[in-house]
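[1] Here is a sequence with its predicted model. Questions after.
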Amino acid sequence: MKNHVKIAVLMGSDSDLPNLRGIFSILDEFKLKYSVRVISAHRTPDIAAHFAKTAKENGYEVIICAAGMAAHLAGVIASHTIIPVIGIPMPCPPFDGLDSLLSTVQMPPGIPVATVTAGKAGAKNAALYAIQILALNDDDLTKKLIRFRAVQKEKVILADQDIRNKI
Ligand code: RP5
C-alpha cells in the first residue's frame, strides 16, 4: 500500500475537538493525510475494538487517541493492536485533566501507550511524535522535521532579541 493514510486521530467525544486543532494544522503543514473519528471506549466499545483490530490491515502505522475523564480510549485501542498508540489526556471538569492524564498514562506493563501532556500542547506533540515515528522510514519527512526544528529555533532567537531590546 503506497500513499495510504497512515495516521488515525481518534477522539472520545466531539467535545474534545477544540483541543485537537493543533494536530491537524501540524499534519497539514507536513502534508500528511489522516483519518479522524469520534470513537468512545465506553460509549461505543465494539466500534473501538473493531477499529483497533482492523487498523493494521487498513494501513495505519500510528494511532493518536484523545480522551478525557476516565480516559481509556488509548489503552483500549492499544490492547487490540500492535500499532504504536499515542494518548492525549483531555482537560475536563472537575479535575481539569489530571484524571485523564493518570487514566491514559497508567498502563499496566505489556500494553504501552505513549502519553503526551494534557490539552493543546499535548495535541501538538502527539502530531510531531507520530511524524517522528513515520520519519524512521521516510527521508523526506526527516528533512521536514529538521526544518521544523530550525524554524522553531529561529523564532526563539528572534523572541530573545526582541525582549532584550525592549527590557
Ligand atoms: C470522554 O469524556 C471524552 O473524550 C470527553 O473528553 C469526555 C466528555 O465527553 P462528553 O460528555 O463531552 O461527550 O469520553
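    Arrived safely, thanks for sending. Residues are numbered from 1 along each chain as shown.

[2] Check the gap between residue 167 and residue 157 for me.
    Distance from residue 167 to residue 157, counting by CB to CB, to the nearest Å: 16 Å. Using the backbone N, CA and C atoms, a C-beta is placed for each residue, glycine as well.

[3] Okay, buried residues for the longest helix along the chain please.
    Longest helix in the chain, counting residues (DSSP state H): helix 139-166. By neighbour count on 16 or more other CB atoms under 10 Å, the buried set for helix 139-166 is 141, 144-145.

[4] now stretch 22-33
    For stretch 22-33, a neighbour-count test (16+ other CB under 10 Å) marks 22-23, 26-27, 30, 32 as buried.

[5] where's the residue positioned nearest the centre of the chain, which helix or strand?
    Taking CA atoms, centre = their mean, the centroid of the chain lies closest to residue 126, which sits 3.3 Å from it. Assessed by DSSP states H and E, residue 126 sits inside helix 119-135.

[6] name the helices or strands packed onto that helix?
    helix 21-29, strand 62-68, strand 85-90, helix 139-166 (3 or more CB pairs under 8 Å, 6 or more residues apart in numbering; DSSP states H and E).

[7] Show me what counts as buried in that helix.
    Neighbour counts over helix 119-135 (16+ other CB under 10 Å) mark 119-120, 122-131, 133-135 as buried.

[8] Outside of that helix itself, which residues are in contact with it?
    Outside helix 119-135, the residues that touch it by CB atoms under 8 Å, 6 or more residues apart in numbering are 6-7, 19-23, 26-27, 30, 32, 61-62, 64, 66, 84, 86, 88-91, 97, 114, 116-117, 141-142, 144-145, 148.

[9] what's in contact with stretch 98-109?
    67-72, 74-75, 78, 87-92, 113, 115, 117-118.

[10] what's the spacing between that stretch and its chain's center?
    Remark: stretch 98-109 is offset 15 Å from the chain centroid, using CA atoms, centre = their mean, to the nearest Å.

[11] how close does the closest residue to residue 127 other than its chain neighbours get to the ligand?
    Computed as CB to CB, 6 or more residues apart in numbering, the closest residue to residue 127 that is not its neighbour in sequence is residue 26, at 4.0 Å. Going from residue 26 to the ligand by CB to the nearest ligand atom, to the nearest Å gives 20 Å.

[12] returning to that earlier point: give the ChimeraX command for selecting the buried subset of the contacts of stretch 98-109.
    This is the ChimeraX syntax for the buried subset of these, where burial follows 16+ other CB under 10 Å:
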select :67,68,69,71,72,74,75,78,87,88,89,90,91,92,113,115,117,118
